[in-house]
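*Asks:* need a structure here:
(chains A and B)
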Amino acid sequence: MSEHDRIRELLALAAADALTSAEEKQVAEHVRSCSACSNELEAWLPIASELRRLPTPLPSSWLVQATLARAEAKLAEQAEHDWNRRVMIVVVAFAWLLTMASWPVFHFVSGRFGSLPLFSDTWISFAAFTALGWVAGGVAALMLAIRQRGERRLA
Amino acid sequence: MVGATALSLEGLVAVDADVVRLRRGDLDALSELVTRYQNRLYRYLLRLVREPGEAEDLFQQTWLRVVEKIRSFDASRNFDAWLFTLARNLAIDHLRRIRPQSLDEPLANSWHSETVADRISSKDHTPLDHALAAERRTEISEAMAGLPMVYREVLTLRFEDEMKIEEIAQVTAVPVSTAKSRLRRSLEQLRDALEARYPGGTWQ
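*Replies:* Sure, this is the predicted structure:
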């Protein structure tokens, strides 16, 4: 590609003010000595100028208010979601604490406090019951999360 | 020039402050951002989808998406580019769903030139200037509306939103070189369309 052809390809971008400073310099130097490119650049200028002056279509006057109303509802929903999550974290932490505390209490009540846990039937039943409770809670939380995600997608 | 730069910097600082407040759930900050961007964002969406009703719906969806995602917004990024990228993704999803062909093919008819003309705030002085300028703008609007979406988009971002090539590349998620060649091709297509529509007119 000759220098002339390369510069010619830049003329539309020159009218759009989208050249690097080096390219701008090359174009300016070339059009000074090339009348064809100078005329071509002149032809691009009114197009670029009119594009910059196109009227801005304005949105309806109610649009901003309607948008803000919906956004306010969304913010409130998010705040509630955040609150629920915080409450959930506290409840889960409390439940864990309670579970951990219940083991020594169980030992104390069963008269084995201070000794290593004996894996008797009672102890295994207690551990299984606790584990079952946690699994059921986990499954319920998972199902709830899936349902909420589905609801959000539909909304 | 210095004054314009100072104003522009002031605007950027105000946007940054509003973004920080919005992250804390401040509705007033959102109100200021919506007001600040309403004309630019609506115009951009209208240029993409060409239907005022659809542009308005997408405008609302874009701001809801902003509320949803603002916490994941990287404050070191340009908010304009982020906002327009969200709007663009929603508009493209919408067009894919509603009119898949409209992403590539030009519209046979002109876009709502009457609606646009109704809303012109002219800076031309004499009645003749006004009439000629209005005619040129109608011609260019119609020719632009007939271009494929990617070309309409790059033209509106460069000439109406005055975005730099780097910002256009960010919004459209393409390399800078692609954004640049897309801009050149869009201008060439626009000129061809003008010359074809108005042979012997002022565009040749």
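
*Asks:* so which strand or helix has the residue most central in space within chain B?
*Replies:* The residue lying closest to the centre of chain B (Cα atoms, centre = their mean) is B:Tyr44, at 2.5 Å. Using DSSP states H and E, B:Tyr44 maps to helix B:27-49.

*Asks:* may I have that helix as PDB, with CA atoms only?
*Replies:* Output of helix B:27-49 as PDB, limited to C-alpha atoms (Å, rounded to 0.1, in the frame of the first residue of the first chain):
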ATOM      1  CA  LEU B  27     -31.200   6.600  46.600                       C
ATOM      2  CA  ASP B  28     -30.400  10.300  46.200                       C
ATOM      3  CA  ALA B  29     -27.000   9.300  44.600                       C
ATOM      4  CA  LEU B  30     -28.900   7.100  42.100                       C
ATOM      5  CA  SER B  31     -31.300  10.000  41.400                       C
ATOM      6  CA  GLU B  32     -28.300  12.300  40.600                       C
ATOM      7  CA  LEU B  33     -26.700   9.600  38.400                       C
ATOM      8  CA  VAL B  34     -29.900   8.900  36.500                       C
ATOM      9  CA  THR B  35     -30.500  12.600  35.900                       C
ATOM     10  CA  ARG B  36     -26.900  13.200  34.800                       C
ATOM     11  CA  TYR B  37     -26.900  10.300  32.300                       C
ATOM     12  CA  GLN B  38     -30.500  10.300  31.200                       C
ATOM     13  CA  ASN B  39     -30.100  12.000  27.900                       C
ATOM     14  CA  ARG B  40     -26.900  10.300  26.800                       C
ATOM     15  CA  LEU B  41     -28.000   6.800  27.900                       C
ATOM     16  CA  TYR B  42     -31.500   7.100  26.300                       C
ATOM     17  CA  ARG B  43     -30.000   8.400  23.100                       C
ATOM     18  CA  TYR B  44     -27.500   5.500  23.000                       C
ATOM     19  CA  LEU B  45     -30.200   2.900  23.600                       C
ATOM     20  CA  LEU B  46     -32.500   4.500  21.000                       C
ATOM     21  CA  ARG B  47     -29.700   4.500  18.400                       C
ATOM     22  CA  LEU B  48     -29.300   0.800  19.100                       C
ATOM     23  CA  VAL B  49     -32.900  -0.400  19.200                       C
END
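
*Asks:* tell me the buried residues in it?
*Replies:* B:29-34, B:37-38, B:40-49 (16 or more other Cβ atoms under 10 Å in any protein chain shown). For glycine as for every other residue, the C-beta is placed from the backbone atoms N, C-alpha and C.

*Asks:* could you point out the helix or strand that follows it?
*Replies:* helix B:52-69.

*Asks:* which stretches of the chain have low pLDDT?
*Replies:* I'll assume chain A. A:107, A:109-123, A:153-155 (pLDDT under 70).

*Asks:* I was thinking of chain B, sorry if that wasn't clear
*Replies:* Using pLDDT under 70, the flagged stretches of chain B are B:1-13, B:100-125, B:200-204.

*Asks:* can you give me the helices for it?
*Replies:* B:2-23, B:27-49, B:52-69, B:79-98, B:113-118, B:127-145, B:149-155, B:165-172, B:176-197 (DSSP state H).

*Asks:* and if you look at chain A?
*Replies:* Listed in chain order, the helices of chain A (DSSP H) span A:3-15, A:21-33, A:35-52, A:61-109, A:121-154.

*Asks:* grab the nearest non-local neighbour of A:Glu40.
*Replies:* The shortest distance from A:Glu40 to any non-neighbouring residue, by Cβ to Cβ, 6 or more residues apart in numbering or on different chains, is to A:Leu11 (5.2 Å).

*Asks:* which residues touch the residue nearest to A:Glu72 when sequence neighbours are not counted?
*Replies:* Excluding the flanking residues, the one nearest A:Glu72 by Cβ to Cβ, 6+ apart is B:Leu27, at 5.5 Å. B:Leu27 makes contacts with A:68, A:71-72, A:75, as judged by Cβ atoms under 8 Å, 6 or more residues apart in numbering or on different chains.
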